[in-house]
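**Student:** sequence plus the predicted model coming up.
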Amino acid sequence: MVTGINHVTLAVGDLERAFAFYTGVLRLTPVATWTRGAYLLAGEDWICLSLDPAARTTPHPDYTHLAFSVAPGEFEARAAALRAYGAVEWKQDRSEGASLYVLDPDGHKLELHVGDLHSRLAALAVQPYEGLRLHV
């Protein structure tokens, strides 16, 4: 049985640039760095940055993205830091809870989100998605 997500690895074209973005702008906690990679923490979640010459330079065209949880009191500061950095917004917020959708320097689609599964399910009780079936 799968018990959780172990880690997420992001291929990056410039490790120093990616490390500065994730630690300086998003404020992930650095754990380890080496010539071709870095380990960071987002809360208790492990993120790996892996230097890869085949790393994308443009965003993937579909909706796949990585969403980071942000405390309500920290959302505006992180959003302002991303905007000051010049992060490109790839989607407008239409979800429950405050969200900001941006691209990282390598074109990975990211979301900063205030809320969790419980707040999302509460919002769906009020305004359900088409064809919604709950399994919990």
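**Tutor:** Cool, the structure landed. Residues are numbered from 1 along each chain as shown.
**Student:** go through stretch 23-35 and flag the buried ones.
**Tutor:** By 16 or more other CB atoms under 10 Å, the buried positions in stretch 23-35 come out as 23, 25-26, 28. C-beta here means a position set from N, CA and C on the backbone, and glycine is covered the same way.
**Student:** same check on stretch 47-55?
**Tutor:** Going by 16+ other CB under 10 Å, stretch 47-55 has these buried residues: 47-49, 51-52, 55.
**Student:** show me what it is in contact with.
**Tutor:** The set of residues that contact stretch 47-55 without belonging to it, under CB atoms under 8 Å, 6 or more residues apart in numbering, is 7-13, 15, 18-19, 22, 28, 35-41, 106.
**Student:** do that again at 7 Å, thanks
**Tutor:** The set of residues external to stretch 47-55 that reach it, using CB atoms under 7 Å, 6 or more residues apart in numbering, is 7-13, 15, 18-19, 22, 28, 36-40, 106.
**Student:** now do the strands in this structure.
**Tutor:** Secondary structure of the chain (DSSP state E): strands at 7-12, 29-34, 37-42, 45-51, 66-69, 89-91, 99-103, 109-113.
**Student:** ok, longest helix in the protein?
**Tutor:** Within the chain, and with DSSP state H defining each element, the longest helix by residue count is helix 72-85.
**Student:** list the helices and strands that helix packs on?
**Tutor:** The elements that helix 72-85 packs onto, with contact taken as 3 or more CB pairs under 7 Å, 6 or more residues apart in numbering; DSSP states H and E, are strand 99-103, strand 109-113.
**Student:** mind listing what's buried along it?
**Tutor:** Neighbour-count burial for helix 72-85 flags 75, 78-79, 82 (criterion: 16+ other CB under 10 Å).
**Student:** can you check stretch 97-107 too?
**Tutor:** Buried residues in stretch 97-107, counting neighbours by 16+ other CB under 10 Å, are found at 97, 99-106.
**Student:** try stretch 54-61
**Tutor:** Within stretch 54-61, the residues that qualify as buried by neighbour count (16+ other CB under 10 Å) are 55, 59.
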